[in-house]
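Q: what follows is a protein structure lacking sequence information:
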């Protein structure tokens, strides 16, 4: 992948041999997610999808904010018809459809679309000072990129209702207790810890990672019996892979496995 930064709203950097780091880069508006920001993210993820050398992606903001919501100035210009025809949902679907592990390193505000971006990640790690919420109700509107659907599936009805109907924020510790994030770190360590976890994940079998992620996400769509059948088919498919053979041989030999994605 080209590591030159030819983007307006993001910075990209290769971390180690197999992890790509996307940093939101609109600090003057607390990394508000305008359409162009989402377009650039989807372009990078599209390239990463096709690059076998990239096995995991981390998305972060900067020290003061992960993303403080959608771009209000952009939103204010859209009529009801404009909103219905907006390309924005296509970008969110592309992010949700990324097949490789996607991690979020969250510092500062993760509000509105920022909280929804957090929920699009497979694993989120937050700094202790993070503030997470869906405050769209304060603008006379509601979440529009999954905030009413993903949040209630993740944290349950009582907390989701409280967050969406009141617009109140929750802390990183509250988000951890609710299952919205996986880990809390000191603010200055959030990005480094998330990149380190991405390194650990990237060392696993790419095939197993892809099928494990797909199988777990299927649990949102399928009943238990159908989900178990999907899991078993995926498990059986991996039995034919070189990576599975390598994993078993490495375990027996008490050496690190070297996975090739084959």
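A: Perfect, thanks for sending it. These numbers were taken from a predicted model, which means no experiment stands behind them. Numbering: from 1, shown residues only.
Q: ranges for the helices of the chain?
A: 35-50, 72-76, 80-85, 88-96, 113-120, 150-155, 157-166, 172-178, 190-202, 206-218, 224-238, 242-253 (DSSP state H).
Q: how distant is the fourth one from the center of its chain?
A: The chain centroid and the centroid of helix 88-96 are separated by 12 Å under Cα atoms, centre = their mean, to the nearest Å.
Q: hang on, the earlier thing: which of the helices of the chain comes out lowest on mean pLDDT?
A: The weakest mean pLDDT among those belongs to helix 80-85, with a mean of 63.
Q: and of the helices of the chain, who's closest to residue 126?
A: helix 172-178 (4.1 Å; Cβ to Cβ). Where you see a C-beta, it was placed from the backbone N, CA and C, and this is true even at glycine.
Q: for the closest one, packing partners?
A: strand 123-127, strand 183-185 (3 or more Cβ pairs under 8 Å, 6 or more residues apart in numbering; DSSP states H and E).
Q: any idea which of those strands is most buried?
A: strand 123-127 (a mean of 25; mean count of other Cβ atoms under 10 Å).
Q: what's in contact with that one?
A: 101-108, 110, 118, 132, 172, 175-176, 180-190, 193-194, 197 (Cβ atoms under 8 Å, 6 or more residues apart in numbering).
Q: need the buried ones from these selected in PyMOL.
A: Remark: buried members of those, expressed as a PyMOL selection using 16 or more other Cβ atoms under 10 Å:
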select buried, resi 101+102+103+104+105+106+107+108+110+118+132+172+175+176+180+181+182+184+185+187+190+193+194+197
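Q: what's the neighbour count on residue 258?
A: 10 (other Cβ atoms under 10 Å).
Q: contacts only, for it.
A: So residue 258 contacts 246, 250 (Cβ under 8 Å, 6+ apart).
Q: picking that back up, can you list the helices and strands packed on helix 172-178 in TSV and add distance to residue 215?
A: Putting the helices and strands packed on helix 172-178 into TSV (distance: least, Cβ to Cβ, whole Å) gives the following:
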stretch	distance to residue 215
strand 123-127	16
strand 183-185	22
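Q: residue 56: which of those strands is closest?
A: Of the helices and strands packed on helix 172-178, nearest to residue 56 by Cβ to Cβ is strand 123-127, at 9.5 Å.
Q: tell me the gap between that closest one and the middle of its chain.
A: Using Cα atoms, centre = their mean, the offset of strand 123-127 from its chain centre is 10 Å.
Q: listing partners with orientation, what would you give for that strand?
A: According to DSSP bridges, strand 123-127 has the following sheet partners: strand 102-106 (parallel), strand 183-185 (parallel).
Q: relative to residue 239, which of those is closest?
A: Closest among the strands paired with strand 123-127, using Cβ to Cβ: strand 102-106, at 26.7 Å.
Q: quick one: contacts of the closest one?
A: 45, 56-61, 66, 95, 117-118, 120-127, 130, 132, 172, 181, 190-191, 193-195, 197-198, 201.
Q: angle of it against helix 88-96?
A: 110 degrees (axes from the mean of the first three to the mean of the last three Cα atoms, to 10 degrees).
Q: now do strand 102-106: distance to the chain's middle.
A: The answer for strand 102-106 is 6 Å, by Cα atoms, centre = their mean.
Q: try stretch 174-182
A: 15 Å.
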